[in-house]
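# no sequence on this one, just coordinates:
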């Protein structure tokens, strides 16, 4: 099997991390891989926020959990998991990862969600090839709308939040989640 496919099939989300910092040059290489993802009309409209400060990570963790629970309630669909986590001061949506990467799109983006999703996919594969672990953190979505978070991270008002990914060295062996067969609804020849 070729190296690219092996990397794709072997990668899995990591939910336990060592406390060691990720070297800046490695983070930059991973960001570069994300920026090289396919993007609508080659607008190259993605921008990134990297957070390594442990105090900020802890604060953003608590804030993200509360915001997620609040958003679910406001939408009329309370999330039992979010409610439990909001009541648990030890809940950690970032799983002890030493690095958070947030993806934003500037207003010129034609397909910001698709562009950001492809970027995160590239970053996850690049990180895995460098023996780092990653996980896409959907629970962090509220931070992208939070004025205090945006101000602290220097995110202009017109930027659209797309995603959050965590990064670090895995602690132990990550659980593998085998995939079933590919489901093809139709194949017209």
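Everything's here; your move. The shown structure was predicted, so the numbers you read here are calculated from the model rather than taken from an experiment.
# what about the most centrally placed residue in the chain, which SS state?
When CA atoms, centre = their mean is applied to the chain, the residue found nearest the centroid is residue 165 (1.9 Å). Under DSSP: H, G, I helix; E, B strand; the rest coil, residue 165 falls in the strand class.
# now it: how far from residue 13?
10 Å (CB to CB, to the nearest Å). Glycine gets a C-beta too; all of them are placed from N, C-alpha and C.
# shared neighbours, the two?
Both residue 165 and residue 13 are contacted by 134-136, under the criterion CB atoms under 8 Å, 6 or more residues apart in numbering.
# from those residues, list the buried ones, please.
134-135 (16 or more other CB atoms under 10 Å).
# which one of the shared contacts of residue 165 and residue 13 is nearest residue 42?
Using CB to CB, residue 136 is the member of those that sits closest to residue 42, with 24.2 Å.
# give the contact list for the closest one.
13, 120, 124, 163-165.
# confirm that residue 101 sits in a strand.
Yes: using three-state DSSP, the assignment for residue 101 is a strand.
# what residues does it make contact with?
Residue 101 touches 27, 30-31, 34, 48-51, 123, 164-167, counting by CB under 8 Å, 6+ apart.
# out of those, the closest to residue 150 would be?
residue 49 (9.2 Å).
# and for that closest one, the neighbour number?
20 (other CB atoms under 10 Å).
# that one contacts residue 156, correct?
No: in this structure, residue 49 is not within contact of residue 156 by CB atoms under 8 Å, at 11.4 Å.
# does residue 146 touch residue 63 like I think?
Yes: with contacts counted by CB under 8 Å, residue 146 reaches residue 63, the gap being 6.7 Å.
# how far does stretch 20-40 stretch from one end to the other?
This stretch, stretch 20-40, spans 36 Å end to end (CA to CA, to the nearest Å).
# oh, that last question was meant for stretch 76-96, not what I typed.
31 Å.
# from the contact counts, what lies against the top helix by length along the chain?
As assigned by DSSP state H, the longest helix anywhere in the chain is helix 54-74. Under the contact definition 3 or more CB pairs under 8 Å, 6 or more residues apart in numbering; DSSP states H and E, helix 54-74 sits against helix 80-86, helix 147-152.
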